[in-house]
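Colleague: coordinates for the following, if possible.
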Amino acid sequence: MDFVQTSRHVRVKAALPMARKRVQWFTCDQPVATCPRKVMGIDFVNPLGLAGGFDRQGTMIDAAQHLGLGFMEIGSLEHPDLPCLIKKSPLGLNIAAAPHMTLQQALVHYVELAQIYRTGADFLVINLSSPRTRSFLQKGGRGWCVDLCQRVRKVTSLPICLKIRREQIPNWIDDLPLSGIVVSHIMPDRQDIKHLYADLGALNIISVGGVMTPEDVETRLSFGAGLVEIFSLLVLAGPKAVREMVQGLWP
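Modeller: Numbering: from 1, shown residues only. Sure, this is the predicted structure:
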């Protein structure tokens, strides 16, 4: 990371505990903003959601509704101990392996988590983008990733997405039996996003990273993303700012 990236990362990490408390305290009587769309066979009331990493334990799944969002992604989950989930909006479950695992152990672990959580979500997200998991992609390569996705596909009928950083996306991404891809951007560039999403046209795209304004949301959607996720906006500006953005996009 350069200085700007590092500085922002530090600010977000420091603000995250208080942001979680603010979300738990936040309530809003306004109805969820509507801009219906169907992605991966799932009906979303609007295409803006909360990214994985904010609610790691599935204890704030009402947050999406209170914030006016169409969905949320919880996790990353590394252990099979999530409480029973009562969904009020589409829900994605982000699963991850521990960094100390071998490639074979990680493969088995991802499949076990997918099998355990297949009844608690609307779609699954295999996380290979975080500092704890991206080494599996680097070490395993195409063969390991194909095997992983095929095995997960055998244990669940849920749509399966791969979460991956923009700079990690391999030229064999189309070889994976995926329903979608969660593209994580660090320092997004408008033209880069436009060209990248055009190349990923066959996959349902969930875009995350650097989404701070209504224009950011509209740009991602216009370039081909089916869904967009926020994170830093909520952490740094608070739930009211998110609500206001959503209502501004879809009054």
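Colleague: point out where the stretch 51-200 of the chain drops to low pLDDT.
Modeller: Along the stretch 51-200 of the chain, the model assigns pLDDT under 70 to residues 82-86.
Colleague: if we use 80, what do you get?
Modeller: Applying pLDDT under 80 to the stretch 51-200 of the chain flags residues 80-88, 120.
Colleague: quick one, helices of it?
Modeller: For the stretch 51-200 of the chain, the helices defined by DSSP state H, counting those that start in this stretch occupy 63-67, 103-117, 134-155, 190-199.
Colleague: I'd like those helices laid out as TSV, including mean neighbour count and distance to residue 22.
Modeller: Just so you know, the C-beta spots here come from the backbone N, C-alpha and C atoms, and that holds for glycine as well. Converted to TSV, those look like this (neighbours: other Cβ atoms under 10 Å; distance: least, Cβ to Cβ, whole Å):
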stretch	mean neighbour count	distance to residue 22
helix 63-67	22	10
helix 103-117	19	27
helix 134-155	16	30
helix 190-199	14	30
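Colleague: got a list of what the residue lying closest to residue 175 once chain neighbours are set aside touches?
Modeller: Sequence neighbours aside, residue 146 is the residue nearest to residue 175 in space, at 6.0 Å (criterion: Cβ to Cβ, 6 or more residues apart in numbering). Going by Cβ atoms under 8 Å, 6 or more residues apart in numbering, residue 146 touches 175, 176, 177.
Colleague: thinking again about what came up before, out of the helices of the stretch 51-200 of the chain, which gets nearest to residue 89?
Modeller: helix 63-67 (4.6 Å; Cβ to Cβ).
Colleague: circling back to that earlier point, closest one of the contacts of residue 146 to residue 190?
Modeller: Looking across the contacts of residue 146 and measuring by Cβ to Cβ, the closest to residue 190 is residue 176, at 26.8 Å.
Colleague: part of a strand, is residue 228?
Modeller: Yes. The assignment for residue 228 by DSSP: H, G, I helix; E, B strand; the rest coil puts it in a strand.
Colleague: surely it meets residue 206?
Modeller: Yes. Using Cβ atoms under 8 Å as the test, residue 228 is close enough to residue 206 to be in contact (7.3 Å).
Colleague: now do the shared contacts for the two.
Modeller: Applying Cβ under 8 Å, 6+ apart, one finds that residue 228 and residue 206 are jointly contacted by residue 49.
Colleague: nearest spatial neighbour of residue 167, skipping sequence neighbours?
Modeller: That would be residue 186: by Cβ to Cβ, 6+ apart, it lies 7.7 Å from residue 167.
Colleague: neighbours of the one you found, how many?
Modeller: Look at residue 186: counted by other Cβ atoms under 10 Å, it has 14 neighbours.
Colleague: numbering from 38 from now on, please.
Modeller: Understood, numbering begins at 38; the last thing we discussed is residue 223.
Colleague: my read is that it contacts residue 246, right?
Modeller: Yes. The criterion here is Cβ under 8 Å, and residue 223 meets it with residue 246 at 6.2 Å.
Colleague: any residues in contact with both of these two?
Modeller: Here residue 223 and residue 246 have residue 203 as joint contacts, going by Cβ under 8 Å, 6+ apart.
Colleague: hmm, back to that, now render the contacts of residue 183 as JSON lines, adding distance to residue 276 and neighbour count.
Modeller: JSON lines is the format used below for these (distance: Cβ to Cβ, whole Å; neighbours: other Cβ atoms under 10 Å):
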{"residue": "212", "distance to residue 276": "40", "neighbour count": "13"}
{"residue": "213", "distance to residue 276": "35", "neighbour count": "19"}
{"residue": "214", "distance to residue 276": "37", "neighbour count": "10"}
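Colleague: residue nearest the centroid of the protein?
Modeller: residue 88 (4.4 Å; Cα atoms, centre = their mean).
Colleague: quick one: it and residue 266, what's the gap?
Modeller: According to Cβ to Cβ, to the nearest Å, residue 88 stands 4 Å off from residue 266.
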